[in-house]
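*Asks:* model this:
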Amino acid sequence: MHKKTMSNITDSIKKIKDLSIELREENALIVVEGKNDQRSLEELGFTNIRPIAGKPQHIFLNELLTENSPIVILTDLDKEGIKQYARIYAYAERNGLRVDMRLRKVIAKLPVRQIEGLSRYLERLER
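*Replies:* The predicted structure is shown next:
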């Protein structure tokens, strides 16, 4: 792997670890698509994770209105995940919810497109 690329990935790993601490301290709510995404993030030290799966979207979105903490929307980075992200983000903005995009931006720089594969990917890199 090219030195610059490896350096960027190393920076991303550090940022993800730092953000796991910051977001935990802020009690940020992390929105993911499903249970496997939740498990992957828990393995990385993230907490307060809520999967969308299993609930009608309108009910899930209405539940977000009770949040006082920042919301991190971590849907997959594939076509469907990006659509879900846009819907949730628009809803949050319309309703005055604070959306924290830092973690999504860091993950978007990695070759991982599915959140459920993030912990495995980072684990392999750290060996």
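
*Asks:* pLDDT below threshold where in this protein?
*Replies:* Scanning the chain for pLDDT under 70 picks out 1-6.

*Asks:* Run through the residues that contact the most centrally placed residue in it.
*Replies:* In the chain, the C-alpha nearest the mean C-alpha coordinate belongs to residue 74, at 2.9 Å (Cα atoms, centre = their mean). Neighbour list for residue 74: 30, 31, 32, 37, 41, 103, 104, 107, 115 [criterion: Cβ atoms under 8 Å, 6 or more residues apart in numbering]. Every C-beta, even on glycine, is put in place using the N, C-alpha and C of the backbone.

*Asks:* ok, now residue 89?
*Replies:* Contacts for residue 89 (Cβ under 8 Å, 6+ apart) come out as 73, 99.

*Asks:* I'd like the contacts of residue 74 as TSV, with secondary structure and neighbour count appended.
*Replies:* Putting these into TSV (DSSP: H, G, I helix; E, B strand; the rest coil; neighbours: other Cβ atoms under 10 Å) gives the following:
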residue	secondary structure	neighbour count
30	strand	25
31	strand	25
32	strand	25
37	helix	25
41	helix	25
103	helix	21
104	helix	17
107	helix	20
115	helix	24
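
*Asks:* farthest pair in those residues?
*Replies:* Using Cβ to Cβ, the two most remote members of these are 31 and 107, lying 13.6 Å apart.

*Asks:* Buried residues in the longest helix that the chain contains, which are they?
*Replies:* Taking DSSP state H as the criterion, the chain has its longest helix at helix 3-25. The neighbour-count check on helix 3-25 (16 or more other Cβ atoms under 10 Å) flags 9, 12, 13, 15, 16, 19, 20, 23 as buried.

*Asks:* how about the CA coordinates for that helix, as PDB?
*Replies:* The C-alpha trace of helix 3-25 is given here as PDB (Å, rounded to 0.1, in the frame of the first residue of the first chain):
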ATOM      1  CA  LYS A   3       2.800   5.400   2.100                       C
ATOM      2  CA  LYS A   4       0.300   8.400   1.800                       C
ATOM      3  CA  THR A   5      -2.700   6.000   1.600                       C
ATOM      4  CA  MET A   6      -1.500   4.100   4.700                       C
ATOM      5  CA  SER A   7      -0.900   7.400   6.500                       C
ATOM      6  CA  ASN A   8      -4.500   8.500   5.700                       C
ATOM      7  CA  ILE A   9      -5.900   5.200   6.900                       C
ATOM      8  CA  THR A  10      -3.900   5.500  10.100                       C
ATOM      9  CA  ASP A  11      -5.200   9.000  10.600                       C
ATOM     10  CA  SER A  12      -8.800   7.700  10.100                       C
ATOM     11  CA  ILE A  13      -8.400   4.900  12.600                       C
ATOM     12  CA  LYS A  14      -7.100   7.400  15.200                       C
ATOM     13  CA  LYS A  15     -10.000   9.800  14.400                       C
ATOM     14  CA  ILE A  16     -12.600   7.000  14.800                       C
ATOM     15  CA  LYS A  17     -11.100   6.000  18.200                       C
ATOM     16  CA  ASP A  18     -11.100   9.700  19.300                       C
ATOM     17  CA  LEU A  19     -14.700  10.200  18.100                       C
ATOM     18  CA  SER A  20     -15.900   7.100  20.000                       C
ATOM     19  CA  ILE A  21     -14.700   8.800  23.200                       C
ATOM     20  CA  GLU A  22     -16.100  12.200  22.300                       C
ATOM     21  CA  LEU A  23     -19.500  10.900  21.100                       C
ATOM     22  CA  ARG A  24     -19.800   8.700  24.200                       C
ATOM     23  CA  GLU A  25     -19.100  11.800  26.400                       C
END
